[in-house]
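S.K.: here's my sequence, what's the structure:
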Amino acid sequence: MSDFEAPNRLDRIEVLAIRNTEAIAALTTKIDNLTDNVNDLTNNVGRVLSRSAVLDDVLLELRDSQEQQQRNFEEHQRHFDEHQRTTNAALNSLEAILVQLIRIFPQS
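M.R.: Here you go, the predicted structure:
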């Protein structure tokens, strides 16, 4: 009976070895797929981080530009106000001169 059990036992071991080989092949395929997915995810994360860095730089430039525009606007406003004051002063002087000329040379 021992001779009969030995091939049976060997057959079982061979079946187990085949199953293990198939399981290892399936796991290897899954690991390869997982590795591809991780690589894709890593690439996507790298692209997102790169884009984020670019957008951060753009935002900083926009903020700086907006601050510069605000300073320019304030400076132009000061110049406008000063020009308006000097124009009003000149008009007042001209008006005073005109009044004096009318007094000196009244219209007949």
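
S.K.: quick one: the helices in this structure?
M.R.: Remark: helices assigned in the chain by DSSP state H are 2-104.

S.K.: can you list the weak-confidence ranges in it?
M.R.: Across the chain, the ranges flagged by pLDDT under 70 are 1-7, 108.

S.K.: which residue is nearest the centroid of it?
M.R.: For the chain, the residue nearest the mean C-alpha position is residue 55 (2.2 Å; Cα atoms, centre = their mean).

S.K.: how many residues are close by residue 36?
M.R.: Neighbour count of residue 36, defined by other Cβ atoms under 10 Å: 10. Glycine gets a C-beta too; all of them are placed from N, C-alpha and C.

S.K.: can you tell me how far it sits from residue 57?
M.R.: Between residue 36 and residue 57 the computed distance is 32 Å (Cβ to Cβ, to the nearest Å).

S.K.: kindly report the same for residue 77.
M.R.: 30 Å.

S.K.: could you report the neighbour count for residue 63?
M.R.: Around residue 63 there are 10 residues (other Cβ under 10 Å).

S.K.: where's it relative to residue 11, distance?
M.R.: Look at residue 63 and residue 11: by Cβ to Cβ, they are 76 Å apart.

S.K.: ditto for residue 32
M.R.: Separation of residue 32 from residue 11 (Cβ to Cβ) stands at 32 Å.

S.K.: what's the answer for residue 64, then?
M.R.: 79 Å.

S.K.: ditto for residue 49
M.R.: 56 Å.

S.K.: with residue 99 instead?
M.R.: From residue 99 to residue 11 the distance is 129 Å (Cβ to Cβ).

S.K.: next: residue 29.
M.R.: 27 Å.

S.K.: quick one, phi/psi of residue 106?
M.R.: Residue 106 adopts backbone torsions of phi -70, psi 150, taken as degrees, to the nearest 10.

S.K.: kindly apply the preceding question to residue 105 instead.
M.R.: Torsion angles, degrees, to the nearest 10, at residue 105: phi -120, psi 80.
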